[in-house]
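1. Any chance you can model this:
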Amino acid sequence: MHDLVIVALGSNLGEPRSQVRCAIERLRGLSDYPLIESDLWQTTPVDCPPGSPRFVNAVVGLRPRLGQTPESLLAKLQEIEREFGREPKRVINEARPLDLDLIAFGKETRGLQNLVLPHPRAHVRRFVLQPLSEIAPRLVLPGQIHTVEELLQSLSQDTVMRRL
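-> Residues are numbered from 1 along each chain as shown. Prediction:
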């Protein structure tokens, strides 16, 4: 059995709650095993342009199919984003119909221009750690020494989150 893959989902354009739920359904097709899903969370935007709408965030854990690599999975995630209307970035952290971030692919690490594993900011983002703590509280991300639960407890309360 492969190691767990963690994907964070976010949306703050269109119908965010519906889009995140639909994207989770699409992610089911990338795994031969049932997904592990967090609740949906409404979160205040972090490092986004002024006036950005609130996000709906979630995290899923999946078992990649045999032969799946971080690079091939990233390509599938980007394809799903485009299907939901995601366009190339014009402004960093701008509003978007769907954002799928590959947070971790088991113990794999990457330092490529288009793929860094684990996600370089996951360990300091409440909107990733809060839902991730629901499905894998004792997970230690590659390169970290603390569990997801411990990382979450160490964060400041600057991001307002509400379970939906």
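
2. Which parts of this protein are helices?
-> Per DSSP state H, the chain carries helices over the ranges 16-28, 70-83, 126-135, 148-154.

3. Which strands and helices lie in contact with the shortest one?
-> Counting contacts by 3 or more C-beta pairs under 8 Å, 6 or more residues apart in numbering; DSSP states H and E, helix 148-154 packs against helix 126-135. (C-beta placed from N, C-alpha, C; glycine too.)

4. So what touches the helix it packs on?
-> Contacting residues not belonging to helix 126-135 are listed as 6, 8, 10, 36-39, 41, 43, 46, 55, 57-61, 101, 103, 119, 122-123, 139, 148-149, 151-152, 155, 158-159, 161 [C-beta atoms under 8 Å, 6 or more residues apart in numbering].

5. what's the answer for stretch 142-154, then?
-> With C-beta under 8 Å, 6+ apart as the criterion, stretch 142-154 contacts 104, 107-109, 117-118, 123-124, 126, 129-130, 132-133, 136-141.

6. same question, stretch 28-37
-> 4, 24, 27, 58-66, 68, 73, 76, 135-136.

7. now swap in stretch 51-59 and tell me
-> 6-13, 16-17, 19-20, 24, 37-45, 93-95, 103, 127-128, 131-132, 134-135, 161, 164.

8. again, only this time at 7 Å
-> Contact with stretch 51-59 is made by 6, 8-12, 16-17, 20, 24, 37-38, 40-45, 95, 127-128, 131-132, 135, 164, as judged by C-beta atoms under 7 Å, 6 or more residues apart in numbering.

9. Can you list the buried residues in stretch 11-27?
-> Buried residues in stretch 11-27, counted by 16 or more other C-beta atoms under 10 Å: 11-13, 16, 19-24, 26-27.

10. what do you get for stretch 61-81?
-> Counting neighbours by 16+ other C-beta under 10 Å, stretch 61-81 gives 61-64, 68, 70, 73-74, 76-77, 80-81 as buried.

11. So which of those residues sits lowest on pLDDT?
-> Across the buried residues of stretch 61-81, the smallest pLDDT goes to Pro64, namely 90.
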